[in-house]
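Asks: need a 3D model of the following:
(2 chains)
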Number of protein chains: 2
Amino acid sequence: MNIPEKTIERLSEYRRTLLSCHEQGITHIFSHVLAGIHGITAVQVRRDLMLIGFSSDTKKGYDVEVLIDFISGILDNRSVVNIGVIGMGHLGQALTKYFNGRRSKLRIIAAFDVDPQKAGHEIDHIPCYPMERFEETVEQLDIKIVILSPPTAVASELVVPIINAGIKGVLNFTSMPLNFPRGIFVENYDITTLLEKVAYFVKEAEES
Amino acid sequence: MNIPEKTIERLSEYRRTLLSCHEQGITHIFSHVLAGIHGITAVQVRRDLMLIGFSSDTKKGYDVEVLIDFISGILDNRSVVNIGVIGMGHLGQALTKYFNGRRSKLRIIAAFDVDPQKAGHEIDHIPCYPMERFEETVEQLDIKIVILSPPTAVASELVVPIINAGIKGVLNFTSMPLNFPRGIFVENYDITTLLEKVAYFVKEAEES
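Replies: This is a model prediction of the structure:
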């Protein structure tokens, strides 16, 4: 199935909202309610769900539990996906804590850092390895995805080890956009962009 | 000027690349080089810059320094914008360290936390205030934007204080999308979405 990147992002967001509805005992939700929570139109929600082949009883809205399972069938891997974090500074630790606290098929199982205070120890129950052992550790632990949260200055040095280790997906939080050969999916995301965007629209609203 | 959100994001990203080029002594850059770094087409780069009214000598490419100033003229506020962080856990601390380390007109000047171990103290040279004093502190320090990095469970409780304090922009990193009345720009960004997206495209590549 060919699903656009933006649709995948929204499906992930819908699922999180649906999980939270489910926890609160809500069994059904209308497309316009789901849309309202995400600040988009009901047409967009219906179009996204139609694209993945989901149809529902529209009188009571979508069945929350059924829709969670349906979206999970699209997004999730059949088995757990092992993830490594490169750079265990504040951001790396925040991400590790955050992801491992939730029910998910994505699991951070290893960290890598050049700092000898960190490498060789456990941080938040995750073993931290020295960067020299990156390639062998990725192979041993069957790590498929890495999250990059090192200082931006070293980001470009990581491209070759990541290729050599056979990593398939990269989530890059440094300020340096990285390119990888075909077959490695990369998402470059600098948090600064988000803050600059908020600041721009605040400025625009003030000036208009 | 009516500039779409996605264009604003790209302008912010171009500027970061241009700043890094400038540091390395690069004086000119072609649109296709800038495009390649960001994994987009040269047409997209030229369209974005045309939209903001930037034209350049195409023989040598864009003048890096001139283009930085031009984009800054679009994105930046005339004066420094004061920002507060609500929730000084690992993520809040990572964001604070990160932003205040760079040349920018966006400055994190205050943090807020309910933890008495944090409130009343300085964290990374930023004073941390108790949440009870949120509204008065925002007014005293002229804070316009807040970054939300508290536990997701408390996110919805923050909406009313944020409205009452007169905040104009919100960057929300919790898993709970928040809605605000017109006049408050909000960017909801759950990092989980990014990781789920990378995992999905890794899975798709493996299955195809």
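
Asks: longest strand anywhere in chain A?
Replies: Ranked by residue count under DSSP state E, the longest strand found in chain A is strand A:106-113.

Asks: identify the residues contacting the residue nearest the centre of chain A.
Replies: What sits nearest the mean C-alpha location of chain A, by C-alpha atoms, centre = their mean, is residue A:171, with 7.6 Å. Contacts for residue A:171 were tallied using C-beta atoms under 8 Å, 6 or more residues apart in numbering or on different chains; they are A:145-148, A:186-187, A:189, B:194-195, B:198. From N, CA and C alone the C-beta is placed, and that goes for glycine too.

Asks: ok, of these, which one's closest to residue A:47?
Replies: Distances from residue A:47 to the contacts of residue A:171, taken as C-beta to C-beta, are shortest for residue B:194 (22.2 Å).

Asks: isn't that closest one right next to residue A:187, touching?
Replies: Yes - with contact defined as C-beta atoms under 8 Å, residue B:194 and residue A:187 form a contacting pair (5.5 Å).

Asks: distance check, residue A:50 against residue A:97.
Replies: Spatial separation of residue A:50 from residue A:97 under the definition C-beta to C-beta, to the nearest Å is 37 Å.

Asks: who's more crowded, those two?
Replies: With other C-beta atoms under 10 Å in any protein chain shown as the criterion, residue A:50 and residue A:97 differ in neighbour count, and residue A:97 comes out ahead with 17 against 10.

Asks: grab the nearest non-local neighbour of the more buried one.
Replies: Computed as C-beta to C-beta, 6 or more residues apart in numbering or on different chains, the closest residue to residue A:97 that is not its neighbour in sequence is residue A:124, at 5.6 Å.

Asks: number of nearby residues for the one you found?
Replies: Counted with other C-beta under 10 Å, residues neighbouring residue A:124 total 16.

Asks: tell me the helices and strands packed up against the longest helix anywhere in chain A.
Replies: Across chain A, the helix with the greatest residue count (assigned by DSSP state H) is helix A:5-23. Packing contacts for helix A:5-23, counted by 3 or more C-beta pairs under 8 Å, 6 or more residues apart in numbering or on different chains; DSSP states H and E, involve helix A:31-38, helix A:42-51, helix A:64-75, helix B:191-207.

Asks: if we use 10 Å, what do you get?
Replies: Contact analysis of helix A:5-23 by 3 or more C-beta pairs under 10 Å, 6 or more residues apart in numbering or on different chains; DSSP states H and E lists strand A:28-29, helix A:31-38, helix A:42-51, strand A:62-63, helix A:64-75, strand A:185-188, helix B:191-207 as its packing neighbours.

Asks: format these as a markdown table; extra columns: distance to residue A:6.
Replies: Rendered in a markdown table, the data for the helices and strands packed on helix A:5-23 read as follows (distance: least, C-beta to C-beta, whole Å):
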| stretch | distance to residue A:6 |
| --- | --- |
| strand A:28-29 | 21 |
| helix A:31-38 | 12 |
| helix A:42-51 | 9 |
| strand A:62-63 | 20 |
| helix A:64-75 | 14 |
| strand A:185-188 | 12 |
| helix B:191-207 | 9 |
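
Asks: outline the domain layout of chain A.
Replies: Domain ranges of chain A: A:5-73, A:81-192, per automatic domain parsing.

Asks: looking at those domains, which is buried most?
Replies: domain A:81-192 (a mean of 18; mean count of other C-beta atoms under 10 Å in any protein chain shown).

Asks: and it, end to end?
Replies: With C-alpha to C-alpha, to the nearest Å as the measure, the first residue of domain A:81-192 is 28 Å from its last.

Asks: any idea how far that domain is from the chain center?
Replies: 13 Å (C-alpha atoms, centre = their mean, to the nearest Å).

Asks: ok, residue A:182 touching residue B:39?
Replies: No - using C-beta atoms under 10 Å as the test, residue A:182 is too far from residue B:39 to be in contact (11.9 Å).

Asks: in terms of mean pLDDT, which of the helices and strands packed on helix A:5-23 ranks lowest?
Replies: Ranked on mean pLDDT, the bottom entry among the helices and strands packed on helix A:5-23 is helix B:191-207, at a mean of 86.

Asks: buried ones in that helix?
Replies: Of the residues in helix B:191-207, those scored as buried under the neighbour-count criterion (16 or more other C-beta atoms under 10 Å in any protein chain shown) are B:191-203.

Asks: so what does it touch, helix or strand wise?
Replies: Using 3+ C-beta pairs under 10 Å, 6+ apart: helix B:191-207 touches helix A:5-23, helix A:64-75, strand A:81-86, helix A:90-100, strand A:106-113, strand A:143-148, strand A:169-172, strand A:185-188.

Asks: what's the angle between that helix and strand A:106-113?
Replies: Taking axes from the mean of the first three to the mean of the last three C-alpha atoms, to 10 degrees, helix B:191-207 and strand A:106-113 form an angle of 100 degrees between their directions.

Asks: on that earlier part again, of the contacts of residue A:171, closest to residue A:155?
Replies: The shortest approach to residue A:155 among the contacts of residue A:171 belongs to residue A:148, at 6.4 Å (C-beta to C-beta).

Asks: nearest spatial neighbour of the closest one, chain-adjacent residues omitted?
Replies: Distance criterion C-beta to C-beta, 6+ apart; nearest residue to residue A:148, sequence neighbours excluded, is residue A:172 at 4.5 Å.

Asks: ok, that neighbour touching residue A:187?
Replies: Yes - using C-beta under 10 Å, residue A:172 makes contact with residue A:187 at a distance of 6.8 Å.

Asks: low-confidence regions, chain A specifically.
Replies: Under the criterion pLDDT under 70, the flagged ranges of chain A are A:1, A:57-58, A:101-103.

Asks: next up, the contacts around residue A:30.
Replies: A:36, A:42, A:45, A:56, A:58-62 (C-beta atoms under 10 Å, 6 or more residues apart in numbering or on different chains).

Asks: how about these in JSON lines, adding distance to chain B?
Replies: As requested, the contacts of residue A:30 are exported to JSON lines (distance: C-beta to the nearest C-beta, whole Å):
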{"residue": "A:36", "distance to chain B": "7"}
{"residue": "A:42", "distance to chain B": "15"}
{"residue": "A:45", "distance to chain B": "13"}
{"residue": "A:56", "distance to chain B": "21"}
{"residue": "A:58", "distance to chain B": "23"}
{"residue": "A:59", "distance to chain B": "26"}
{"residue": "A:60", "distance to chain B": "23"}
{"residue": "A:61", "distance to chain B": "18"}
{"residue": "A:62", "distance to chain B": "17"}
